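Enquirer: need a 3D model of the following:
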Amino acid sequence: MAPDVVRVELGQRSYDILIGSGLLADSASYVGPVLSRPRLAVVVDPGIASRYLPPLRSSMESAGIRVDALEAKHGEAAKSWRELERIVEWLLSIEVERGDTVAALGGGVVGDLAGFAAAILRRGVGLLQLPTTFLAQVDSSVGGKTGINSPVGKNLVGAFHQPSLVLADISALSTLSERDFLAGYGEVAKYGLLNDREFFERLEHQGDSIRRRDPEALAATVRRCCEIKAALVAEDEREAGRRALLNLGHTFAHALEAATGYSDRLLHGEAVSVGCVLAAEFSSELGFCPPEVPVRIRRHFGDAGAKHSLSEIPGDLPPAEKFLELFRQDKKAESSRVRFVLLRDIGDAFTADGVSSEAVLGFMRKKLQRGPQRDGA
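Expert: Here you go, the predicted structure:
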């Protein structure tokens, strides 16, 4: 069966997102036409290399395409200068040229690292995104954001570098652990919350089929998320306007990731789902949406099995004052003002600049109170 196609319209840099099952095993059919010469440099997540690199390599080599591969470090902490340098130096050592292509095979971390390496190597080489996680397929592989973290904050060093193709193989999602799969759900629900109420309601009523990883439900979900993101990226590639809505929940999420040391205590997708709930609760506290909105969102994340509260994050969290500092360091902040994406209702998000420090501190102090109800509605 032919894959679904979602087009990202960016003029001469437009590209397709292909969505379907078994795409990696037949990858040469899709990747071959976008290569300038028959070679591909693959940066792969070590956790999936033994499963997905062999079929990718077999397909490519059967088509006469040479494959060189490097296993990247695993986990959010790998998005560092040291790992970026290692990848770039490897690409130079195998003589990747200006017209060559680098492929990212794995989740969002590999996509960000390999994408940033491709952006800066020889002032820009080709890029393929081959996402194998739910989060990467619905979000991070699309739109051209690449980068690494700094001790100061998340994704503060990076570049916009669009891929020439995204290959989302739905069959890869069946092999994810339950935790890794659910970590992508925050990004999925985010799309309904920001501008598609009907999609969110569909998730509420048909979420079980997604959690069971029904291939048709997964393909439809990935397609809808990519359609929404593709439209926003085409309208606002470098996040000067409406694309910022895609950061719903992310100001909170990035601060939580920094506060937990970019460790396995909290995966990025888990931080996003908690962050979406916090954004809804903050919106209600500021009077932008009725209180039943965050209650409904919290309930939905809970029903889906996704993290939805600070109390689910193991270990201690820093005080509210530290979170305010982290919010101010977020890459979306301007002139030291914190920018939040907030909600008027489900499907109606907006950006709010210059929220007062007093409001932020008061909200976070309430959320961080110890006890079983410390972050309840």
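Enquirer: what's in contact with stretch 58-76?
Expert: For stretch 58-76, the surrounding residues in contact (CB atoms under 8 Å, 6 or more residues apart in numbering) are 24-29, 31-32, 35, 38-47, 49, 53, 56-57, 78, 83, 87, 90, 94, 106, 109-110, 113-114, 149, 257, 262-264, 267-268. Where C-beta positions appear, they are placed from N, C-alpha and C, glycine not excepted.
Enquirer: now with 7 Å?
Expert: Outside stretch 58-76, the residues that touch it by CB atoms under 7 Å, 6 or more residues apart in numbering are 25-28, 32, 35, 38-47, 49, 53, 57, 78, 83, 87, 90, 94, 109-110, 113, 257, 262, 264, 268.
Enquirer: got it, and stretch 134-142?
Expert: Outside stretch 134-142, the residues touching it (CB under 7 Å, 6+ apart) are 8, 17, 107-108, 111-112, 129, 131, 166, 168, 173, 176, 181, 183-184, 187-188, 222, 225-226, 229-230, 268-269.
Enquirer: using PyMOL, define a selection of the buried residues within these.
Expert: Remark: buried members of these, expressed as a PyMOL selection using 16 or more other CB atoms under 10 Å:
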select buried, resi 8+17+107+108+111+112+129+131+166+168+173+176+181+183+184+187+188+222+225+226+229+230+268+269
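Enquirer: now, the contacts of stretch 134-142 that are in helices?
Expert: Counting by DSSP state H, the part of the contacts of stretch 134-142 found in helices is 108, 111-112, 181, 183, 187-188, 222, 225-226, 229-230, 268-269.
Enquirer: need the pLDDT of residue 322.
Expert: Here, the pLDDT recorded for residue 322 equals 95.
Enquirer: counting neighbours, what do you get for it?
Expert: By other CB atoms under 10 Å, 15 other residues sit near residue 322.
Enquirer: give the closest residue to it in space, chain neighbours not counted.
Expert: Leaving aside its sequence neighbours, residue 322 sits nearest to residue 259 (CB to CB, 6 or more residues apart in numbering; 6.9 Å).
Enquirer: for the one you found, give me phi and psi.
Expert: phi -70, psi -30 (degrees, to the nearest 10).
Enquirer: pretty sure it sits against residue 318.
Expert: Yes: using CB atoms under 7 Å, residue 259 makes contact with residue 318 at a distance of 5.3 Å.
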